[in-house]
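Peer 1: when you get a sec, could you give me coordinates for this:
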Amino acid sequence: MPDDNLLQVRSIAAYDDNYIWLISDKHCAVIVDPGDAAPVIKYLTEHHLTLTAILITHHHADHIGGVANLLTWCASLGLVKPVVYGPAHENISVVTEQLIESDVVSISRPACDFTVLDVPGHTAGHIAFYLNAGDRQHVFCGDTLFATGCGRLFEGTPAQMVDSLNKLKNLPDQTLVHCAHEYTLSNIKFALAVEPQNQDLLAWQQTALTLRQQGVPTVPTTIAHEKSVNPFLRCEESSVIESVKQHQAIKDTYPVTVFAHLRSWKDTFKA
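Peer 2: Residues are numbered from 1 along each chain as shown. Predicted structure coming up:
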């Protein structure tokens with residue numbers, strides 16, 4: 001018989017391109033970055049799941065906008081109020097448990113332990129949640145790392161973002177990368193401008209196109225995959241360095257310098 005305690009991870013589409021992540025044991029659920037309550041309530045209701053905790057990676061509205069309504073909905077059903085976990089270094093009023101690097105979030109139902117990573121850059125206090133589920137590892141990275149891309153530097157520095165991406169890059173290769181947006185096709189177009197001869201990237205473009213034509217998400221990917229196709233994780237590769245040098249003269253080729261120019265290039269790139 002199937003194990004009812006086996007964790008399942010599902011994406012819930014929201015807005016135009018957001019993904020809200022749900023971790024469940026078929027009875028109880030944890031939600032990550034619920035920017036909109038409506039699709040979450042619909043999913044929980046249809047699958048008869050009880051919401052026990054909410055995880056927040058950063059303060060942007062499309063990641064926290066649905067929290068208050070979810071709490072109100074739970075209260076209307078007479079359920080125990082879910083704990084809301086989020087970054088200690090950001091001011092998020094709905095967060096009830098503030099987290100920093102190396103904290104562990106232990107949840108009894110569904111049974112899972114998340115290790116917190118500080119990954120500033122996109123925002124000043126951005127965190128990620130790493131889940132080792134035994135047979136599979138997951139990282140819920142918000143807007144720090146995307147499939148074939150990374151988040152804009154709204155509040156952090158290139159050095160911070162490089163350090164944050166390196167933390168994610170150093171996770172086990174098989175770790176599933178659960179990012180919060182479906183930006184993959186546009187990210188691939190930029191990546192191909194940087195590395196037009198990258199065969200892994202060319203193959204990934206075809207796979208991603210097929211998935212999107214079928215209405216299927218392109219995520220999660222894996223850390224190993226991202227290391228092969230994501231230019232922001234490849235700032236020490238000669239092909240990326242040479243491409244950046246051709247695009248804009250740089251005085252040195254340290255990874256932070258390469259990343260800074262790569263990110264600036266992407267910010268103005270027309271797909």
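
Peer 1: and stretch 46-64, what's its mean pLDDT?
Peer 2: Taken as a whole, stretch 46-64 has an average pLDDT of 98.

Peer 1: now do stretch 211-227
Peer 2: If you average the pLDDT values across stretch 211-227, you get 98.

Peer 1: likewise stretch 90-106?
Peer 2: Rounded mean pLDDT across stretch 90-106 is 98.

Peer 1: now that stretch, how far from the centre of its chain.
Peer 2: For stretch 90-106, the separation from the chain centroid amounts to 17 Å (computed by Cα atoms, centre = their mean, to the nearest Å).

Peer 1: what's the end-to-end length of it?
Peer 2: One end of stretch 90-106 to the other measures 21 Å (Cα to Cα, to the nearest Å).

Peer 1: report the beta-bridge partners for the residue nearest the centre of the chain.
Peer 2: What sits nearest the mean C-alpha location of the chain, by Cα atoms, centre = their mean, is Cys179, with 2.4 Å. As for beta bridges, Cys179 partners with Gly142 under DSSP bridges.

Peer 1: for it, give its distance to Ser11.
Peer 2: For Cys179, the distance to Ser11 equals 10 Å [Cβ to Cβ, to the nearest Å]. Quick note: C-beta positions are derived from backbone N, CA and C, even for glycine.

Peer 1: find residues that contact each of those two.
Peer 2: Residues touching both Cys179 and Ser11 (Cβ atoms under 8 Å, 6 or more residues apart in numbering): 19, 219.

Peer 1: where does this structure dip in pLDDT?
Peer 2: 1-5 (pLDDT under 70).

Peer 1: how about a cut-off of 80?
Peer 2: The model of the chain has pLDDT under 80 over residues 1-5, 271.

Peer 1: where do the helices of it begin and end?
Peer 2: 37-46, 61-64, 67-76, 158-169, 184-194, 199-213, 223-229, 238-247, 255-267 (DSSP state H).

Peer 1: mind putting those helices into TSV with mean neighbour count?
Peer 2: TSV is the format used below for the helices of the chain (neighbours: other Cβ atoms under 10 Å):
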stretch	mean neighbour count
helix 37-46	16
helix 61-64	19
helix 67-76	16
helix 158-169	20
helix 184-194	20
helix 199-213	14
helix 223-229	19
helix 238-247	16
helix 255-267	19
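
Peer 1: and those helices: which comes nearest Ile20?
Peer 2: Nearest to Ile20 among the helices of the chain is helix 37-46 (6.0 Å), distances taken as Cβ to Cβ.
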